[in-house]
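1. model this:
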Amino acid sequence: AELSQKPKSAQLEALLTTLAHDSDNLQLKFETATALWQEQYTEEALEHLIQIMRKDKHFNDGAVRKMMLDIFASIGNKDPLAVKYQRQLFSLLY
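-> You can find the predicted model right below:
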């Protein structure tokens, strides 16, 4: 079975539920992205991270950008997901 088919942990489900009711909470969104990434939900993690970047490019002293770069490095910069989100990140930064 693919990784994306595996169940999310109770902690991650709780974060997602809380975030659904408090979607402008960037710290919560960052924590959710971190949990998504730890559980291998790469695309969902990147989506949360890019949403934070759209609202606050310098959130948490650049932690979001750093995490995105870490994800790109781990999946490979040529991975279609990496390419898609690198483009979005680049357009926000420059």
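2. tell me the mean pLDDT over stretch 64-80?
-> Regarding stretch 64-80, the rounded mean pLDDT is 97.
3. What lies in contact with that stretch?
-> In this structure, residues lying in contact with stretch 64-80 by C-beta atoms under 8 Å, 6 or more residues apart in numbering are 30, 33-34, 37, 42, 45-46, 49-50, 52-53, 57, 81-83, 85-86, 89, 93. No exception for glycine: its C-beta is placed from N, CA and C like everyone else's.
4. The same query, at a cut-off of 7 Å, please.
-> The contact list for stretch 64-80, computed with C-beta atoms under 7 Å, 6 or more residues apart in numbering, reads 30, 37, 42, 45-46, 49, 52-53, 81-82, 85-86, 89.
5. now, which of those sits nearest residue 18?
-> For the contacts of stretch 64-80, the closest approach to residue 18 (C-beta to C-beta) belongs to residue 30, at 12.9 Å.
6. Please point out which parts of the host helix or strand of residue 36 sit buried.
-> Element membership for residue 36, per DSSP states H and E: helix 26-38. By neighbour count, and taking 16 or more other C-beta atoms under 10 Å as the criterion, the buried residues in helix 26-38 are 26, 28-37.
7. need the contacts of stretch 64-80 in CSV with distance to residue 10 and secondary structure, can you?
-> Compiled in CSV, those are given as follows (distance: C-beta to C-beta, whole Å; DSSP: H, G, I helix; E, B strand; the rest coil):
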residue, distance to residue 10, secondary structure
30, 20, helix
37, 17, helix
42, 20, helix
45, 18, helix
46, 23, helix
49, 22, helix
52, 24, helix
53, 28, helix
81, 26, helix
82, 29, helix
85, 27, helix
86, 32, helix
89, 31, helix
